[in-house]
Each structure stands twice: as structure tokens, then as C-alpha cells.
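Asks: What would the 3D arrangement of this be:
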Amino acid sequence: MRRYYKIQIAILIIFPILATAAWASMPADYDTVRLMLTAPDNQDMSMFDVETLVGVLVDIAMNDDPDAAYHDTVVSSALKWLGSMHAEEAVEPLIANIEDYTTTCIYWLGTYASPDGVDAIVSMLESNEESVRYEAAVALSTLPEGDLDNEEWVEALNGALAKMMTVGQGISTDDEFAEVMSGAVTHIWYMLEQ
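Replies: Sure, this is the predicted structure:
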């Protein structure tokens, strides 16, 4: 009788572990991931293999049919997932969608040490919308340190400094935007001096 209970206990302990391991490596597919992205409370992507998930999210962010149901929600969520996963493949879709999903793209590009990402953020400093300019300056002030041996990275940072100096002219020093710009300039100068 005890043996029977021991077997039951072993099954109860081992089965969930094995089931979770099998579930976690499930390849991602376009339709399933897209469906999950339509609902904010149904976005547990942990069941998918990371590599296939990144590929599907990039595909959704770049190619989702604009006439499809929940298109904006799906693409915005795909961009957020890509950014939060910090996948290298996320930079291109974030740049490509910066005009339509500005806040999301600026924020996540600011977490990458990507020359192209910096250039995309810098282009937003001249937006007609004050909030977009502010978000771009905040993103520039939070850039991670990159490889200073990479000429493209150094060139992007120097380009950002030059643009911030140009955009910063004529801004009142009392302006909150000026304060954030000053912080971004200091941050980038500090990175270049390392």
C-alpha cells in the first residue's frame, strides 16, 4: 500500500515538471501569438521557444495586415514584447514603426546600444509634438553604454550631441524639456569619455 502512495506522490511531483518543460519549448506560430496579443490579460509567452517567438513577433510587427482585427493593439503589443525581450532583432521593427507607435518605439530603442536606434530617437527631437520631443530626450538620457571601439556607435552618439545642441538653442532654461535635454547631453558626454 505504501508503495502505491509513493508512486502517486512521485507522479504528482514529476508530471507537472515534465509538462512545464515540454510546454515551455513549444514553437511559436503566427496565429497563436497574434491571438494572444489581442488581449492584455492573455499574454503569457513563456510557453514558447524564445527563438521562434522572436521571429513571429518581428513578422507581426513588420507585416501584420493593417485591415486585420485589432491591428494596432497587436502590433503595439508585439513591439513591447520584442523590446522587453531585448532581442537584437527588435531594433529594425522598432525603427520601422516609430512614426505609428512613437512612445513604445522611442522607449524601447532607448534601451539598446544601437547606432540606428540612436539615429531614430534623434530624429524625434524635431517632432511637432512636445511630448514626443520630451520622450526622445528621456530615451537619449537612458541609453546603455555601447562599444566605444564601434565607429558607428561613436558617430551616432556624436550626431545625437550635435542635434541636441541645435535643438536646445532657444529653449528656455526653465523649460522641463531643457532639463531633460541637459541630462541627455551629460549622459552621452559621460559615455563618450569612458
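
Asks: which helices and strands does the host helix or strand of Ala156 pack with?
Replies: Using DSSP states H and E, the secondary-structure element containing Ala156 is helix 151-168. Counting contacts by 3 or more CB pairs under 8 Å, 6 or more residues apart in numbering; DSSP states H and E, helix 151-168 is packed against helix 115-123, helix 130-140, helix 176-193. In short, each C-beta sits where N, CA and C put it, glycine included.

Asks: Now tell me which helix or strand of the protein has the poorest mean pLDDT.
Replies: Confidence across the helices and strands of the chain bottoms out at helix 2-24, with a mean of 55, counting by mean pLDDT, DSSP states H and E.

Asks: of the helices and strands packed on helix 151-168, which approaches Leu109 most closely?
Replies: In this view, these are compared for proximity to Leu109 by CB to CB, and helix 115-123 is the closest at 4.0 Å.

Asks: could you give the mean pLDDT of that closest one?
Replies: The average pLDDT within helix 115-123 is 97.

Asks: Quick check: closest non-adjacent residue to the residue sitting nearest the centre point of the chain.
Replies: Most central residue of the chain, judged by C-alpha distance to the mean C-alpha position with CA atoms, centre = their mean, is Gly83 at 1.8 Å. Taking CB to CB, 6 or more residues apart in numbering as the measure, Gly83 lies nearest to Trp108, with 2.8 Å between them; neighbours along the chain are not counted.

Asks: Give me the residues contacting the host helix or strand of that neighbour.
Replies: Of the helices and strands defined by DSSP H and E, Trp108 is found in helix 102-109. Here helix 102-109 makes contact (CB atoms under 8 Å, 6 or more residues apart in numbering) with 76, 79-80, 82-84, 90-91, 94-95, 97-98, 117-118, 120-121, 124, 127, 132, 135-136, 139.

Asks: out of the residues you listed, which are buried?
Replies: The neighbour-count test (16 or more other CB atoms under 10 Å) marks 76, 79-80, 82-83, 90-91, 94-95, 97-98, 117-118, 120-121, 124, 127, 132, 135-136, 139 as buried among the contacts of helix 102-109.

Asks: distance of the residue nearest to the centre of the chain from Ser77?
Replies: Here the distance between Gly83 and Ser77 works out to 11 Å (CB to CB, to the nearest Å).

Asks: same check, this time on Gly159
Replies: Counting by CB to CB, the gap from Gly159 to Ser77 is 31 Å.

Asks: Cool, thanks, signing off.
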